[in-house]
Each structure stands twice: as structure tokens, then as C-alpha cells.
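Novice: Return a 3D structure for these sequence lines:
(chains A and B)
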2 protein chains.
Amino acid sequence: MIVEILTTGTELLLGQITNTNAPYLARELNRLGFDVLYQSTIGDNRERMAQVLSLALSRADIVITSGGLGPTQGDITKEVCAQIFKRNLYLHEPSQNKIKCFFAQRHAQMPQSNLRQAMIPEGALILENERGTAPGIIMEENEKVIINLPGPPHELEHMFKHAVVPYLQDKYGSQGVILSRVLHTYGIGESALEEKIADLIAAQHNPTIALLARPGEVIIRITAKGDTEASAEKLIDQLQQVIVPRISQYIFAFDDTPMEVAVGQELLHRNLSLSLAESCTGGLITSRLTDIPGSSAYLCGSIVCYSNKVKEEHLGVPQDILINQGAVSEETAIAMATGIRRKLNTSLGVGITGIAGPGGATAEKPVGLVYMAIDGPAGFQCHKYQFLGQRTEIKFRASQAALDMIRRYVRDLTLQEEI
Amino acid sequence: MIVEILTTGTELLLGQITNTNAPYLARELNRLGFDVLYQSTIGDNRERMAQVLSLALSRADIVITSGGLGPTQGDITKEVCAQIFKRNLYLHEPSQNKIKCFFAQRHAQMPQSNLRQAMIPEGALILENERGTAPGIIMEENEKVIINLPGPPHELEHMFKHAVVPYLQDKYGSQGVILSRVLHTYGIGESALEEKIADLIAAQHNPTIALLARPGEVIIRITAKGDTEASAEKLIDQLQQVIVPRISQYIFAFDDTPMEVAVGQELLHRNLSLSLAESCTGGLITSRLTDIPGSSAYLCGSIVCYSNKVKEEHLGVPQDILINQGAVSEETAIAMATGIRRKLNTSLGVGITGIAGPGGATAEKPVGLVYMAIDGPAGFQCHKYQFLGQRTEIKFRASQAALDMIRRYVRDLTLQEEI
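Specialist: Prediction:
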């Protein structure tokens, strides 16, 4: 079955609020096995809404609208939909009573305009709104269905889950299941990654494969359709088993796992403690690591050394390195890593120094140049990067590279022990 | 002129990523006086994209697409648009060279597929992409215009601002001007703020007033329509002069100025240096401050003290405070603030300690309890907060409160001197 999502409201059309209803409905419908092929957004205008609605009914089995069920003159969705199916509106007593109760419970006078919300198209199913005053509406006509949901996300999501999903499953039965799994990679570009699995992409049918470059990573999304959750899982597993061996060194996590979680798991698993000396990343790496509950188990602390004085006095970077090689140099990064490791007495120490820009660059040291070092039981390493982008992008990319450096260092420790 | 926005990409259609391009374009186009009447989202499917594009061209003067300019097989937007206008694609040498340079700068081999991005429809205008490899495209045909922009928001926004806006203004002239100004407030709730300006909201016409609660702030948006930028500005100025005196102590910034910029400006203006000792915020405050270019002028450094040992050994928090009052206490926050100030020898020192959760809470010290202290030339202060939300929300709210604490401390220093 094909569903079209129609979000209404002038504030959406003007971009004044972010549309979270369309992606929510799309995700949930896909998960239930319904196909969403189009999403549209229109303002509170009768003529244009009728036009978009007619078009949607011509190419979809089910049209779900959000918004425009409120009490004001601008709330027209229900009326326009009723007109399309040539239904009159009537005052629905139970809905009217419910709205009156809603205001009475809040010791408030019900504005007369709120009664508009109790006007229901003839022959419609009514979906109770447990989180607000506007009931939802379902109208069926010649194998086509219109579902009107309220605009506020917490009302819409609750109503979708508790009223629309049972309705859809009852009417259409199971549509099978669509599942996705995400492979997160770092250290390889989108097109280079595509080349490594080009044959699989060319042959894709079910599951499908999608590549997507995101800040600090490239993801591969495997999406499978099956009669049951288990059969979809199995299809994904089979394809994953072919993909992973080709690119295993680049994969740092699966599904909703960000890099900081992947690193934390490695550290926890290996019982390693960590400290960082951050210059150009300004505390971002430590902040990302401490976003994760329980991170105090492996993260002892960090020093953000935003001046040479702090680097010298509190991390022990030798003055002659700062003078001769400079604060942005391999030698400084290594001295920062070994310095913080010694100072906080941790298994691993990390040092990051670079030029986040826009100022501070020289001919030899451009904006985006970053050195990062790690010191630990297997000795120290230093890596040089040249990132592009704005200041905050460079900070983020450097933080991602540093986290991946930690992850690889820890993984190599494990590999060495296994040998 | 009527503009239609067409966002493409299966990941948008499936709801896997949030569509920020459509609201960005809608806001900016409205500001320029163009009318946006429809927004649509479709997947990477040639037939459906062609159908939606034809419809859009039939009801709008200008169609702006986002996404689908990448190097992969799924990137079809440019080709579909070229077909609609019956144009062939040719290899555009300068774009090819630019893409080659992009990879050369990164010392990377250009995958052959990236050359797809240098294929340009005949007769098209080419918009240089200063933040990525995919150039933008403008095609004109019989008074209709198609503009293809890349999908990544930072590429799209930069290209829109620097290439599309000049194009539109050159081709269509001024469409009248809609301007907005945002007043950022901290320390007052949305409804309390609304009460203070209820009479102005009731009487609004042009300019209009909108209140919006956002994480860590409540904003007031004043929007005015005028024939010229100057006339719209003047309308906003007049209303602002009425609003500001009523709520001046809560306003920390105007327009796109985040709290970390407002704080940085105060510090720079007063020639004060800052250091922080962060526990529950895990480096987030320092990272936010270092997002701002030139922040090394006032931020010397920070210590993220994620263990009692670091608090004691490197910040000098007395052991008996950690034992008797605990790491999350007024006494510890103050000792952290005075300790880091002394250690890094800065004008101001800040200490933040709390329970970010979900673990670590006790009956007396619930999740979200945060103490923050500041020490400086006017002595020390300590504030106690109880934040609600998830771990990262608590971290963010605590960082916002701490930045506002610094801002107020510095402002009070100035006020004291003026007296």
C-alpha cells in the first residue's frame, strides 16, 4: 500500500518550525511495510490544499495529513478533506463534551471557537486525542483513505501509535516488515567506499544498499523487506557478511552507535583509562566522550591547553620545542600526549594540537593542519591531518579522527596480544 | 515570484534524516520577498522526480532542488532536470579540475565516479561549491528557472547565500523585504516573558512578535515587512525600543549571537582572562567557548576533572570537602573555581560539578543537581541548579547557565566600576 504524507501549516511552509511530523510518519510507516513515495508541505490555503490532496489521492492509497485541526479560522484541513469526499460536517456530541471537560479540568473557560474541533465529517471514524482537544479523523471512500492527525508532534505521535497503527493493521493486514541496519565507517571517502562494493550495489534488489557521507563518517545503510522481522534480519545479515570483510578496517560501529560510544566500549572492555590534552579541539573530544553515561569508568580527565604557558607549565611540553618546532607540531603533540598520560597517570594519553582558524595560519602551517598523538602501553604514535572547513567543522573532524585513533590503538593492542 | 522547493533523497523520504534544507530555503526566500507555496520531498527515483518537477514548473516560476548532485549512481537530480529542459550533459573542464584539486589537497586519489559531478547541462550557469565538490546548477527556459543545490546543509547554505541570492536579485530585482530580529533571553520562562509583553502581542500587526522556547533560552522574534530594508529595520527598531526596557536583564544577545559569543565579547571588552574546571559538563563549556574564532585571547585553558583524584591533586580541592560535603557540593564548586583560577593565573575561574545522570544520584542529590561557582576580582559566587532532562540536555543546560553566570559576573564588574 502506498501512503502520501501531507503536512500543513503556514509556519512549516515559511520554515519557522522544523517539520518533525513528516520524518516521524515516514519512519513508522516504512517500518510497518507501507511505501511512502511523496511528502508535501502546504500552507493554510483552501484551494492549494484541495489541489495537493486530489493529486495525492490519485497516486496513493492512503493520505495522511498533519495539522490544521485546531480551533482557529486558519485550521481548514478537516473541511477541505470533507469537501473532497463530499461530506457535510456535524457537531459530534461526545467530542464536544470531551473538549468542555478538557477546559473544565484546567479551570478555564472554553472559547467558543474550540467547538469547531467537535465538527466531524459524516461517516468518519473518530480518533480520540488523549493529549489535546482536536480529535483525529479517518474517512474512507472508494478504496481511498484520508487520515487527519493533529499538528503538535506529541499529540500526533501518540494518536498514530495508539489509533492509526491498529486501524492500518486491521484494515490492510501485515504489509511485511522493512528493517534497516547502518554500518558506520571512518577513514575512507564515499566514492572509494562505493568502488569496494560496486558489484553489490549494481546487483541490489532486496536488501538495498545506500551510501551517505555525513560529518566525520560515511555510512552504509542496508534495508531489507521481509514477511517477518526475522526474515528481514536474515537478509540483512547475509549481505552484511559479504560487505564487512571488504571494508572491516573502516567500520567503527553499527546502527545508532556514535564514535564516542564505540571508543568507550573498547576502553571499558580492555579496562584502560584515558586522559587528553586538547588544544585546537578545545575540549570537544572530552565533551563527546562524557556525553556517554558511565564514561567516568575510563575517562579520568583532560586539560584544555589554549595557551603555550599551559602547555609548558601543566603538560611539561619543553620550551625549546614550543620555540623551535612550534605549538602546532608533531613534537608538541607527542609531548602533550606523554605529558598528560604521566600527569593523570592513565593507561592512554592523547594530545591534539592544530590550527582551527580562521586566524593563526602561516605559509607552512595552514588552517586545518592538525597533529594528534597517542601514548600508551604500545608506545606512542603521531598522525598529521589536513582538514578543510569552517572552525567548528575542523574541530569536529579533528575530534572524530582522534577518537578513531584511540579506537585503532586499542584494537591493535588487542590484536598484538592475540598474536 | 513564486518558488517551489523540492528536496530529494531517499534518506529524507524514509525519515532517516531531518530536512533542514527546506525550512532554511523557505525562511531565506521569504525574507527576500519570494513566495513559497509548496514544498515536496521525493526519493531518488527518475520517474517520480520528473513528474514532481513538471508539476512544480507548471505552478511556480522558480524550482529549487536540494540533493542528488553527488558522485554515486543514486544521484540523479541534475540529469532529471536536464532531461526536463531537453539539455545534454557535457564534461565541464574547470569543474573537473576543481574536483581533482579537492582530492589532491587531501593527498587522495580521485575515484572515477567523482567526475559525474563535473557533468553539466548545456547552457547552464554553474555555481561554484566552495565547501564541497558538487557544483550547483541554474537552468533557464521560457521564463522558468531550475536551481540545483547540493544536499549537505553547510554546502547548500553557503551556495545559496553567495551565489543564488545575487542571481535572484539580479534577475528579479527587489521583491520587497521581510526582516526578522531575534532577542535571546535567559533566566525567564516563555509564559512569564509573554505576560511582560502581552499588550504588544495583542496589538501586533507589522511587525509581528513570536515567542519560542528553545534549549537553554527563550527567544522573541520580531518580523517586519517593508518596501526597503531600511523601512523594515525602522519598524523593528521602534518595537524593540518598547520591548527591551521591560526585559533587559534577561536579554543576552541579538540575532545569530549564541551565548558563547556574548560571553566572549564581554571578556574581550573588559580584557579579562578565563579558566574553567569542569566536572559534570565534561569540557562542553570550554568547547563552546573555543568554537568562537579568537577565543584564545581570553580563554587560557581548562581542566576536565572527571575523577576525585584530579579534583584533589590538580585543582587543590581539599580531601575533607570531597569526603564530608562530597564532590557535588557548593564547597567543591567553589574550591574548583578558586583552584583553577590560581593554577592558571587568570582573572576569572569557574568550577562546575553536578550529576549528569542517569547514574550517580542519591536521595539528597538527584540527577540534574548542579553547583557552579565563579571566582574573580569581585570575590566568589556559587549557584545551585536543578536541571531536568537527559544527560546531554543536562550538560547543555548547565553549560548555558554557567556561561550566563560568567556574563552577569562580568557585567556586574562593569556596573560596580561605573558606580
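Novice: For the longest helix along chain A, name the packing helices and strands.
Specialist: Looking across chain A with DSSP state H, the single longest helix is helix A:391-418. For helix A:391-418, the helices and strands in contact under the criterion 3 or more Cβ pairs under 8 Å, 6 or more residues apart in numbering or on different chains; DSSP states H and E are helix A:259-270, helix A:284-289, strand A:348-354, strand A:369-376, strand A:379-386. C-beta: built from backbone N, CA, C; applies to glycine.
Novice: Is it possible to get JSON lines of these that adds mean neighbour count and mean pLDDT?
Specialist: Output for the helices and strands packed on helix A:391-418, formatted as JSON lines (neighbours: other Cβ atoms under 10 Å in any protein chain shown; pLDDT from 0 to 100):
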{"stretch": "helix A:259-270", "mean neighbour count": "20", "mean pLDDT": "96"}
{"stretch": "helix A:284-289", "mean neighbour count": "28", "mean pLDDT": "98"}
{"stretch": "strand A:348-354", "mean neighbour count": "28", "mean pLDDT": "98"}
{"stretch": "strand A:369-376", "mean neighbour count": "25", "mean pLDDT": "98"}
{"stretch": "strand A:379-386", "mean neighbour count": "15", "mean pLDDT": "96"}
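Novice: So residue A:212 lies in a strand, does it not?
Specialist: Yes. Under DSSP: H, G, I helix; E, B strand; the rest coil, residue A:212 sits within a strand.
Novice: so what's it up against?
Specialist: Neighbouring residues of residue A:212 by Cβ atoms under 8 Å, 6 or more residues apart in numbering or on different chains: A:190, A:218-219, A:221, B:11.
Novice: if we can go back for a sec, of the helices and strands packed on helix A:391-418, which is nearest chain B?
Specialist: helix A:284-289 (3.6 Å; Cβ to the nearest Cβ).
Novice: residues contacting residue A:256?
Specialist: Counting by Cβ under 8 Å, 6+ apart, the residues that residue A:256 touches are residue A:182.
Novice: how about it, phi and psi?
Specialist: phi -90, psi 20 (degrees, to the nearest 10).
Novice: From chain B, how far out is it?
Specialist: 11 Å (Cβ to the nearest Cβ, to the nearest Å).
Novice: Which residue does the stretch 101-250 of chain A have closest to chain B?
Specialist: Closest point on the stretch 101-250 of chain A to chain B, by Cβ to the nearest Cβ, is residue A:191, at 3.6 Å.
Novice: Make sure that residue is actually in contact with residue B:113.
Specialist: Yes. Judged on Cβ atoms under 8 Å, residue A:191 makes contact with residue B:113 at a distance of 4.7 Å.
Novice: Residues in contact with both of these two, list them for me.
Specialist: By Cβ under 8 Å, 6+ apart, the residues touching both residue A:191 and residue B:113 are B:71-72.
Novice: Neighbour count for these two, which is higher?
Specialist: residue A:191 (26 against 18; other Cβ atoms under 10 Å in any protein chain shown).
Novice: Confirm the residue of the stretch 101-250 of chain A closest to chain B sits in a helix?
Specialist: Yes. Residue A:191: assigned to a helix according to three-state DSSP.
Novice: Include distance to chain B when you put the helices and strands packed on helix A:391-418 into JSON lines, please.
Specialist: Converted to JSON lines, the helices and strands packed on helix A:391-418 look like this (distance: least, Cβ to the nearest Cβ, whole Å):
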{"stretch": "helix A:259-270", "distance to chain B": "11"}
{"stretch": "helix A:284-289", "distance to chain B": "4"}
{"stretch": "strand A:348-354", "distance to chain B": "12"}
{"stretch": "strand A:369-376", "distance to chain B": "12"}
{"stretch": "strand A:379-386", "distance to chain B": "7"}
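Novice: Quick one: closest of these to residue B:275.
Specialist: helix A:284-289 (15.2 Å; Cβ to Cβ).
Novice: Could you tell me which residues of the stretch 1-150 of chain A lie near chain B?
Specialist: With Cβ under 8 Å from any Cβ of the partner chain as the criterion, the stretch 1-150 of chain A comes near chain B at residues A:12-20, A:22-28, A:30, A:36-43, A:45, A:48, A:52, A:55.
Novice: Mind checking which of those are in helices?
Specialist: A:12-13, A:22-28, A:30, A:48, A:52, A:55.
Novice: what residues does the stretch 201-350 of chain A put near chain B?
Specialist: A:201, A:210-213, A:221, A:278, A:281-287, A:289-291, A:293-296, A:299-307, A:309-310, A:314, A:343-344.
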